[in-house]
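# 3D, please:
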Amino acid sequence: MNKRLEEILQRKEEIRSLLSDEGNKNINFDDIEKELRELDEEEKEIRRRQTIIDGMGTMTTRTNTAKPVKANIYDSEEYRQAFMNYVCRGERLPKEFRSDEVTATTDIGALVPPVTLNKIIEKLEAYGMILPLVTRTAYKTGMVIPTASVKPTATWVAEGAGSDKQKKALSGTITFGHFKLRCAVAVTLETENMAYSAFETTLVKNIVEAMAKALEMAIISGTGSGQPTGILTDDSKGAKLEVSALDYQTLINAEAELPMEYENGAVWVMTKKTFMQFIGMVDKNGQPIARVNYGIGGKPERILLGRTVKLTNYIDTFNESLGAGKVFAFLYNFADYTLNTNFQIGIKTYEDNDTDDIIRKMIMVCDGKPIIYDSLVKLVKAGE
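Numbers count the residues shown, from 1 in each chain. This next block holds a predicted model:
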């Protein structure tokens, strides 16, 4: 192998070890990101030249049948970007990052016993309802968003007359930091070699689900300390309505609190059990206030008084035992929440030499904050 290529691969391994060390707080992610891009470009150039040299050797002699060494595309920046889009947006991985080989029966005879079904059955968990709704950015750490509380107004003037100049004042700023989200799973070497294809697919899927659920929980109720800030974290923000029983008037009061400017973007958020308590209720004209329609894709679309409902398990359900002051549903325009990811998701597989365990580790650096609370209307359990 090319000596410089060995140095590049060794440096990448050092960077991965540095990022995986949770106790290391003095990490400059900007410098690391820049260095990784430069190393990737240099590695591509070295491998491109080596491919050309190998090709020339094949043309001049037929005795050398060795295959050229393939570059590890899963270490590239393009793959990390594509994988982040797969996790956060559900986009399909590009063809060049997917396997183009076919497994024959002769390939799996020694690995998969005939009595083993090549499928893993596991408990289903709900996620992915909230994450697609928020505003996503990919700026570097320290990004500042200015906020303004006053908007200019237009005035009618006579022909040939002017109007007063208005000042656009900024009332403050919101700064994004960086928090590391990490998920690592270890399996024994023996398990790794059983039903490999199903296990590999399921394990990666589990890691993706775990990170997506952690992000959604943080978006709703994150503390802001070591994790993103949630929409419901600051109890003083948004309108609050105390509810002792769910009825038609509950929705009327909530809709009345929602500013008209957010009519088109706000959605309801609640658990499925809370929503099902509205099923069967009717308004004063006998019309149902809750509906469940089926969209083009066959997925249920839930509606309360014409407004979309997003279900989640990361909020309390309304019932008699719910404590006073607990939020069980809210209205919000999720476009006003920004999730900033300034480090592309990386996944690493390595072996623990002491235990022979195979460990898969995924790391993501991000931060999130509600930029505007004006569309937030919370329903809380009334006190006794």
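# which residues sit in contact with Thr135?
Phe334, Ala335, Asp336, Tyr337, Thr338, Leu339, Ile371 (CB atoms under 8 Å, 6 or more residues apart in numbering). For the C-beta atoms, the positions are set from N, CA and C on the backbone; glycine is no exception.
# Actually, Ile231.
By CB under 8 Å, 6+ apart, the contact list for Ile231 reads Ile219, Ile220, Ser221, Phe330, Tyr332, Tyr337, Pro370, Leu376.
# which of those has the most neighbours?
Neighbour counts for these, by other CB atoms under 10 Å, peak at Tyr332, which reaches 29 neighbours.
# Quickly note the distance from that one to Asn2.
54 Å (CB to CB, to the nearest Å).
# Format the CA atom coordinates belonging to stretch 365-372 as CSV.
Output for stretch 365-372, consisting of C-alpha atoms alone and laid out as CSV, is shown next (Å, rounded to 0.1, in the frame of the first residue of the first chain):
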residue,chain,number,x,y,z
VAL,A,365,-23.5,16.3,16.9
CYS,A,366,-26.5,18.6,17.0
ASP,A,367,-28.5,21.2,18.9
GLY,A,368,-32.1,22.4,18.6
LYS,A,369,-34.2,25.3,20.0
PRO,A,370,-37.7,26.8,19.5
ILE,A,371,-37.1,30.0,17.7
ILE,A,372,-40.6,31.4,18.2
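# ok, and what's touching that stretch?
Contacts of stretch 365-372 with the rest of the structure, by CB under 8 Å, 6+ apart, involve 29, 134-135, 141, 145, 147, 174, 176-181, 215, 218-219, 222, 224, 228-231, 237, 333, 336-343, 376.
# From these, which land in helices?
Mapping those onto helices (DSSP state H) picks out Phe29, Leu215, Ala218, Ile219.
# Isn't the third one up against Gly230?
To tie it back to what came earlier, the one meant is Ala218. Yes. The pair Ala218 / Gly230 is scored as a contact, 6.1 Å apart, by CB atoms under 8 Å.
# Pick out whichever of the two has more residues nearby.
For Ala218 against Gly230, the residue with the higher neighbour count under other CB under 10 Å is Ala218, and the figures read 25 against 21.
# Next one, pLDDT for the more buried one please.
Per-residue confidence (pLDDT) for Ala218: 91.
# what do you get for Thr61?
Confidence per residue is given as pLDDT, and for Thr61 that number is 50.
# do Leu5 as well
We have a pLDDT of 80 for Leu5.
# who touches Asn319 in this structure?
For Asn319, counting by CB under 8 Å, 6+ apart, the contacting residues are Lys273.
# and if you look at the one 3 residues further on?
Under the criterion of CB under 8 Å, 6+ apart, the contact list for Leu322 reads Asp316, Phe328, Lys381.
# do that again at 6 Å, thanks
Leu322 makes contact with Asp316, Lys381, according to CB atoms under 6 Å, 6 or more residues apart in numbering.
# just checking, what packs against the helix or strand containing Glu45?
Glu45 is part of helix 29-60 when elements are defined by DSSP states H and E. Counting by 3 or more CB pairs under 6 Å, 6 or more residues apart in numbering; DSSP states H and E, the packing neighbours recorded for helix 29-60 are helix 3-20.
# Show residues contacting the helix it packs on.
Among residues not part of helix 3-20, those counted as contacts by CB under 6 Å, 6+ apart are Leu39, Glu43, Ile46, Lys348.
# Show me which pair in those residues is furthest apart.
Of all pairs drawn from these, the widest gap by CB to CB lies between Ile46 and Lys348 and measures 22.1 Å.
# And the strands in the protein?
135-137, 144-147, 172-175, 179-187, 239-243, 267-270, 290-294, 300-304, 307-311, 327-332, 337-351, 358-370, 377-381 (DSSP state E).
# Gly280: which of the ones you listed is closest?
Gly280 sits nearest to strand 290-294 of all the strands of the chain, at 7.7 Å, using CB to CB.
# Next, the angle strand 307-311 makes with that closest one.
Taking axes from the mean of the first three to the mean of the last three CA atoms, to 10 degrees, strand 290-294 and strand 307-311 form an angle of 80 degrees between their directions.
# Who does strand 290-294 pair with, and is each partner parallel or antiparallel?
Using DSSP bridges, the strands paired with strand 290-294 in its sheet are strand 300-304 (antiparallel).
# the inter-axis angle of the strand it pairs with versus strand 327-332?
For strand 300-304 and strand 327-332, the angle between their directions (the same axes, to 10 degrees) works out to 90 degrees.
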